[in-house]
Structures are given as structure tokens and as C-alpha cells.
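Asker: Structure for the following, please:
(2 chains)
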Amino acid sequence: MNINATLIGQIITFAIFVAFCMKFVWPHLIGAMVEREKKIADGLDAANRATRDLELAQQKAGEHLRESKEKAAEIIELANKRANQIIDEAKDAAREEGSRLQAAAQAEIEQDVNRAKEGLRQQVAALAVAGASKILAKSVDEAVHSELLDQLANEL
Amino acid sequence: MATDATSYIQHHLTNLTYGELPAGYERVEADGSIVELTEATWTLAHSGQEAADMGFWAFHVDSLGWSAGLALLLMFIFGRAAKNASTETPSGLQSFVELLLEFINNTVKEAFHGSSKLVAPLALTIFAWVFMMNAMDLIPVDVLPTIFGAFGVHFMKVVPSTDVNITLGMSITVFALMIFYSIKIKGITGFIGELTLHPFNSKNMFIQALFIPVNFFLESVALLAKPISLALRLFGNMYAGEMIFILIALMFSGGIALALLGGVLQWAWAVFHILVITLQAFIFMMLTIVYLSMAHEDH
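Answerer: As a prediction, this is how the structure comes out:
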């Protein structure tokens, strides 16, 4: 229980110990701890940002997908419309061609009929003359009557 | 038995003291003969009386040795943790020291309302060191003295904080820091004002002049009480704890039944003492922080 120079020894030791902690221990360890805290905070921040970026990218991708689907649908619609148009055009053309062909055929037929009628008319005239000449034989002057018959034939 | 017990206790409470005995000093040797010193001699004291006669310029080799040894051990541990400090995942030692630092940093932040690079490392030093010095109490009282006794060292008090010199040394350092920061923050006039203008003051100059001596007396007592109470609180607690360990240890010489009871009591007291040593270390640290915080406050 004596107060003696141990006191001074202890003060010196204490001062050295505190100085050591102040210089070499505290700043290093606290620095490391603060830096680690910052690192962790940064890491969490980055993770958050990445999540947000991912969300954005997904949203964008979805938008792109929807847009392209719309475009595709538009194109298909357009193609369908065009196809229908082509079919209609083709139908019209075919119909036109058909009617044209029909008209041509009819005209030809008419021509043929006319031609046949002409031939028949002539043959009828000749036949009639031949018949008449056969029936009338000698009583009929061929020259006088042929004129009359020609006239008849023309009226046919 | 009674003298045995007394000498046993006294033996345990005597420090290994190194100091100067004056010329003409009469030393009582172990066999009872008296040797008169022809000249002043630096030597180890052979008894408590000799240690007391050495006066102020004597050293308690055991207290100083253990406290410095524990300081070196702690510096080594802290230094290694600081040297290998990495910002990556901390290793075992580093995370342990960081845990301690975190705890002390939070305590300092809560209690200390100034900015100082010194207070937190100071608190760390005090807490760790006082804890370690107190923890020496948990080593059974006779182990180290017996070992040292075998090497011819007669006295060995292993718990530095049961030496009032050690606790006073620390509290005086804290006191010096309090004065230093008081003057640094408030200026010399501010510090003197703090000592003389409280707690009584008056608008009247004449009455104020009368109050100054009273205030100075009260404030000085309050100021000086701080380091003394700081030192004596720790010393008293640890001294009493040590004393109880020694008293229980006396039972070991009283037959098998008493020895067994003594063993149980030692164990129980040691378990309770774990609380005391931690609490005392924390109180010493906390009061230091609070005192220094008060020194930093400007009124």
C-alpha cells in the first residue's frame, strides 16, 4: 500500500500504450472497417442498380416483342389484302377474257350462220330453179323466169 | 494458526519492491539476525517494513512487470490485427479486435460529444488493459507466487490493479488529460472561470468577489475527487476481491472437508468475479470518456 515510483512507471507505460493504440491500431482498423462498410454499401448499390437495369431491359425486350408482333400482324394483313386484290383482279380479268371469248365465238357463229344462210339461199334458189325447171320443163322460158327467180331468191 | 494466517495474508499483500535502503539501515535477515548496511544500497525488499522504508523512489517490480507485460501482450495482439487489417472478410483475430473496437467506438460516440482523435484509442487501451489486469485475479492466488517462490522470488502480487500505484498512475494520466483539454478548449481564463464562478454567482461585483474563494474550494474538491475516486474505485474493488480469494484460500489448510468447501467457494467467487472485472474495466473506461467529454464542453 505504499505510494512510490511505481506510479511514474505506470504513467509512462500507459502513455506508451495509448500512443501505440492511437498511432498504429485505431486508425488502421477503423479505416479498414469504414472501407469495408463502404464496399458493402457499394456492392448492395450495384446489385440494386443491376436489378433495375434488368427490369428495364426486360421491359424494353417486351416492348420490342410486342412491336414486332404488331408489325408482323400488319404485314400479314397487308399481304392478305393484296392477295385478295390479286385474286379479284385475276377474277375480273378471267371474266373479261371469258366474255370476250364468248363474244368472239358468238360473232364467229353468227358469221358461220350467215355464211350458211347465204349458201343455203343460193342453193335454195338453184334448187328452186332446178325444181321449177323440172316441173315446168319446156313450158318455161328459162331466160324469162330466171330473172323472176333471182328476184325471189334475193327476197329470201 | 492465527499468526500463520496473518503472515499468509500479509505475504500475499506485499509487493516485490526494488528500491534504495539508506546507509546504516538495519536489515532483519530470515534467521532473525540483524545486519547493518554500511552504505546506501539498491536492493529487493525482504519484508513489507523494508519496502515501506525505501520511501518514494522504489518500484513494485511485480505490479509494473505484470502490467507492462500485459500491455505488451495487448499491443502485440492489436498490432497484429492492425497490420493484417484487410477490407475483405476479416479473419478470426481481426474480427475479434474489430468487435471490441466497434463496441468502444459506439460507446465513445454516445458519451463523448466532441471531436478528438485521442479519446477512442484511450478508451480502448483502458478497457482492454484494465480488463486484462483484473483478469489476473482469476488465476488461483497461490499458483504464480508458488512458481516464483521456487525461483527464490519471495513476494509476488500478480494482480496489478490491486496496487494503488497502478490505478492512481492511470487516473492521474486521465486527470492530466482533463486539465489539458479543459485549458485547450476553454482557454486558461475559461478554465479558471469554470473553477471560480460556479456554482454560486451574482450580478453584484462585490458579492461575486466573496463567492470566488467558496466556489474555488468547492470546484477544486470536485475536480480532484474525480481522479482519486476513479483510482480508488478500481483499486478497492479489486483489492477486496483479491482479499476474498486469499481468505478462501486459507481454508485449504483446514482439513479435507474445509478444503473441498474452499474449492467450491473459490470457483463460485471466480465466476462472480468475471462480472466484477468486466464491470470495473467498463466503469473506468466510461468515466474517463465522461470526464474528458466534460473537459471538452464549453459553458
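
Asker: Quick check: the residue of chain B nearest chain A.
Answerer: B:Gly169 (2.9 Å; Cβ to the nearest Cβ). C-beta here means a position set from N, CA and C on the backbone, and glycine is covered the same way.

Asker: Next, the contact list for that residue, please.
Answerer: A:Thr6, A:Leu7, A:Ile8, A:Gly9, A:Gln10, A:Ile11, A:Thr13, A:Phe14 (Cβ atoms under 8 Å, 6 or more residues apart in numbering or on different chains).

Asker: closest to B:His113 among those?
Answerer: A:Phe14 (24.5 Å; Cβ to Cβ).

Asker: I'd assumed B:Leu168 was in contact with the closest one.
Answerer: No - A:Phe14 lies out of contact with B:Leu168 (Cβ atoms under 8 Å); the separation is 11.1 Å.

Asker: Spatially, and excluding backbone neighbours, which residue is closest to A:His145.
Answerer: Distance criterion Cβ to Cβ, 6 or more residues apart in numbering or on different chains; nearest residue to A:His145, sequence neighbours excluded, is A:Ala132 at 7.2 Å.

Asker: Count the neighbours of that neighbour for me.
Answerer: Neighbour count of A:Ala132, defined by other Cβ atoms under 10 Å in any protein chain shown: 17.

Asker: Could you do B:Gln280 as well?
Answerer: Neighbours of B:Gln280 using other Cβ under 10 Å come to 24.

Asker: Verify the stated contact: it with B:Ala135.
Answerer: No - at 10.8 Å, B:Gln280 does not count as touching B:Ala135 under the criterion of Cβ under 8 Å.

Asker: pLDDT at whichever residue of chain A sits closest to chain B, what is it?
Answerer: Going by Cβ to the nearest Cβ, chain B is nearest to A:Gln10 of chain A, at 2.9 Å. pLDDT, the model's per-residue confidence, is 92 for A:Gln10.

Asker: do the same with B:Val271
Answerer: Note for B:Val271: predicted pLDDT of 94.

Asker: tell me which element it falls in.
Answerer: helix B:255-296 (DSSP states H and E).

Asker: What helices and strands are in contact with that helix?
Answerer: Secondary structure elements in contact with helix B:255-296, counted by 3 or more Cβ pairs under 8 Å, 6 or more residues apart in numbering or on different chains; DSSP states H and E, are helix B:92-111, helix B:119-135, helix B:164-196, helix B:205-250.

Asker: Leaving out the residues flanking it, which one is nearest to residue 124?
Answerer: No chain was given, so I picked chain A. If the residues on either side of it in the chain are set aside, A:Val124 comes closest to A:Leu156, at 6.5 Å by Cβ to Cβ, 6+ apart.

Asker: wait, I meant chain B there
Answerer: B:Ile104 (5.0 Å).

Asker: My guess is the one you found contacts B:Phe127. True?
Answerer: Yes - at 6.2 Å, B:Ile104 counts as touching B:Phe127 under the criterion of Cβ under 8 Å.

Asker: Identify the contacts common to the two.
Answerer: With Cβ under 8 Å, 6+ apart, B:Ile104 and B:Phe127 have common neighbours B:Met285.

Asker: picking that back up, go ahead and build a ChimeraX selection from the buried members of the contacts of B:Gly169.
Answerer: To isolate the buried subset of the contacts of B:Gly169 in ChimeraX, counting by 16 or more other Cβ atoms under 10 Å in any protein chain shown, use the following:
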select /A:6,7,8,9,10,11,13,14
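
Asker: How about stretch B:48-57 and chain A, touching?
Answerer: Yes - using Cβ under 8 Å from any Cβ of the partner chain, stretch B:48-57 reaches chain A at B:Ala51, B:Ala52, B:Met54, B:Gly55, B:Phe56, B:Trp57.

Asker: Can you list the buried residues in the lowest-mean-pLDDT helix or strand in chain A?
Answerer: Least confident helix or strand of chain A, by mean pLDDT, DSSP states H and E, is helix A:142-155 with a mean of 76. Residues of helix A:142-155 classed as buried by neighbour count (16+ other Cβ under 10 Å): A:His145, A:Leu149, A:Ala153.
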